[in-house]
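[1] dropping the sequence and predicted coords here.
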Amino acid sequence: MKKDYLFKEAKNFFSIFEAKSEILTGMKVPGSVTLIGDTSEFNKGKIIGANIDKQSVMFAQKRRDKDRFVYFYSKRYDEKIRVNLSEPQIHGENGWANFMAMALFELEGSGKRIPGMHVYIDNNIPDFFNCNNVEALQIGIVQIAEKFGDWTMTAVETAELCAQGDFKFMKKERNSVKYMPILNGQKGMLTYYDAAKKEAENIPCDINSVGLSFMVMSSGIKNKSVERRVAAINEEVKQSLATIRNSGGQVESLDQLSMEAFDEYRGKLTLSQKKRCAYFISENERSQAAAGVLKTGNILAFVDIVNESQKNIKNRLEIIDGENESLLNIINDAEGVKAARVLNMGLDGTVFVIVDNDKKQHVESKVRKAFMNITGLDLQTEHFELSNVMEEVSVNISEFGK
């Protein structure tokens, strides 16, 4: 992001809120996607993630001492919302602000005092598919609160705090993994994260060196039948783990099993349960293999692993049909496409694509036209380089008049 854009956003803050001091504290926080791997409470596994080229820019200033109110302003929604830190509860009418509020409530609940503040948000991370739009907001406000406080948190602590806020206030599954690429990402690198070990590693991925580019294409369709299937898959995995434990296996989650070790328990499971468990276990191993080939600089081997991962989804999860199947078929038929994999377990019609640099505009045009002809639906696309990282920003308001 250009410096003059950040300066303009800081100036927008000044027009919304009356500045109380000379310095505006800010954060630039990117959106992110998980390219390979899937984690859940039943699979504390391994993933490969990447930050996309869209971000949330946030600027903030403290209010007066002992003030207990946070005023959020969203440029996207042109809406100002007040949150009372002394009343740690979410309110339906606060919408988008609740995600940041619950992170602040969790901080205060852990003994970290949060000051009243004015917060300006310009969030251009897409919300038509899951690229961690609200997660970026949560991370941004935690980072700003840390700048105003006398404490620091590690990336893992920040991720777990935000995940706990999701669970406590939104009744969502605790999933700290989704925050890690944002918190750890570096330019020119993909993030490999082992959820069981709570270890992150940034690995170089010079995709342009082999003439390729990354793209995401999404219909944004949240199909209820896919949601039901994913819920059923999670239930099958839960039941499988219970069966494995009843058979003497000391296994809390699937990441504790290799495919070889899993063979011992296959005979005690239904065919469907075998497939679901094998998906997660093999995907953990596939994520690890992807990290291995990336470390050697073998980008083409990484492309092959992405394709293998999609076959794993199709054959073992059996969730690819309807619009998702149409989109995948169209993408794979397009000249220049080297790999395609459904993201987010098919829940929002999103596909990660690796494509020849000189064919990406052609692929985008052809796929969008064909998908529209077949389904009557438009596609949203995001091309992204591995260049977007979380950054602290500070601007002196005295510069506005220069």
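    Alright, I've got the coordinates. Numbering: from 1, shown residues only.

[2] nearest spatial neighbour of the residue nearest the centre of the chain, skipping sequence neighbours?
    With distances taken as C-alpha atoms, centre = their mean, residue 132 lies nearest the centre of the chain, 3.8 Å away. The shortest distance from residue 132 to any non-neighbouring residue, by C-beta to C-beta, 6 or more residues apart in numbering, is to residue 32 (4.9 Å). Where you see a C-beta, it was placed from the backbone N, CA and C, and this is true even at glycine.

[3] so which strand or helix has that neighbour?
    Assigned by DSSP states H and E, residue 32 belongs to strand 23-36.

[4] tell me the mean pLDDT over that strand?
    What strand 23-36 shows for mean pLDDT is 95.

[5] again, but for stretch 56-73
    92.

[6] can you check stretch 114-129 too?
    Averaging pLDDT along stretch 114-129 yields 94.

[7] relative to residue 51, how far out is the residue nearest to residue 132?
    Note on residue 32: its distance to residue 51, by C-beta to C-beta, to the nearest Å, is 5 Å.

[8] what residues are shared contacts of those two?
    181, 182, 185 (C-beta atoms under 8 Å, 6 or more residues apart in numbering).

[9] who's in contact with the first one?
    To tie it back to what came earlier, the one meant is residue 181. 32, 33, 34, 49, 50, 51, 191, 193.

[10] what's the answer for the second one, then?
    The neighbourhood of residue 182, defined by C-beta under 8 Å, 6+ apart, consists of 29, 30, 31, 32, 51, 132, 135, 136, 139, 390.

[11] secondary structure class for the fifth one?
    Secondary structure for residue 51, judged by DSSP: H, G, I helix; E, B strand; the rest coil, is strand.

[12] just checking, it touches residue 28?
    No. At 11.0 Å, residue 51 does not count as touching residue 28 under the criterion of C-beta atoms under 8 Å.

[13] quick check: end-to-end length of stretch 200-208?
    Terminal residues of stretch 200-208 are spaced 24 Å apart (C-alpha to C-alpha, to the nearest Å).

[14] report how many residues lie close to residue 52.
    22 (other C-beta atoms under 10 Å).

[15] pick the one among the shared contacts of residue 32 and residue 51 closest to residue 317.
    Distance to residue 317 across those (C-beta to C-beta) is lowest for residue 181, with 22.5 Å.

[16] quick one: the closest one from residue 131, how far?
    Relative to residue 131, and taking C-beta to C-beta, residue 181 is found at 10 Å.

[17] mutual contacts of these two, please.
    Common neighbours of residue 181 and residue 131, counting by C-beta under 8 Å, 6+ apart, are 32, 33.

[18] picking up where we left off before, for the strand holding residue 32, packing partners?
    helix 3-16, strand 46-62, helix 133-148, helix 180-184, helix 271-295, helix 299-312, strand 350-356, strand 391-396 (3 or more C-beta pairs under 8 Å, 6 or more residues apart in numbering; DSSP states H and E).

[19] residue 51 and residue 28: who's more crowded?
    residue 51 (30 against 21).

[20] contact partners for the more buried one?
    Neighbouring residues of residue 51 by C-beta under 8 Å, 6+ apart: 30, 31, 32, 181, 182, 185, 384, 386, 388, 389.

[21] ok, now with 7 Å
    By C-beta atoms under 7 Å, 6 or more residues apart in numbering, the residues touching residue 51 are 30, 31, 32, 181, 182, 185, 388, 389.

[22] nearest to residue 302, out of the residues you listed: which one, please.
    Distances from residue 302 to the contacts of residue 51, taken by C-beta to C-beta, are shortest for residue 181, at 16.0 Å.

[23] and the pLDDT at the closest one?
    Model confidence at residue 181 (pLDDT) stands at 96.

[24] what's the neighbour count on the nearest residue to it once chain neighbours are set aside?
    What sits nearest to residue 181 in space, not counting adjacent residues and going by C-beta to C-beta, 6+ apart, is residue 49, at 3.3 Å. Residue 49: 25 surrounding residues under other C-beta under 10 Å.

[25] so residue 49 sits against residue 31, correct?
    No. Using C-beta atoms under 7 Å, residue 49 is not in contact with residue 31; the gap is 10.9 Å.

[26] and the gap between the residue nearest to residue 273 when sequence neighbours are not counted and residue 52?
    Excluding the flanking residues, the one nearest residue 273 by C-beta to C-beta, 6+ apart is residue 240, at 4.5 Å. For residue 240, the distance to residue 52 equals 34 Å [C-beta to C-beta].

[27] ditto for residue 26
    From residue 26 to residue 52 the distance is 20 Å (C-beta to C-beta).
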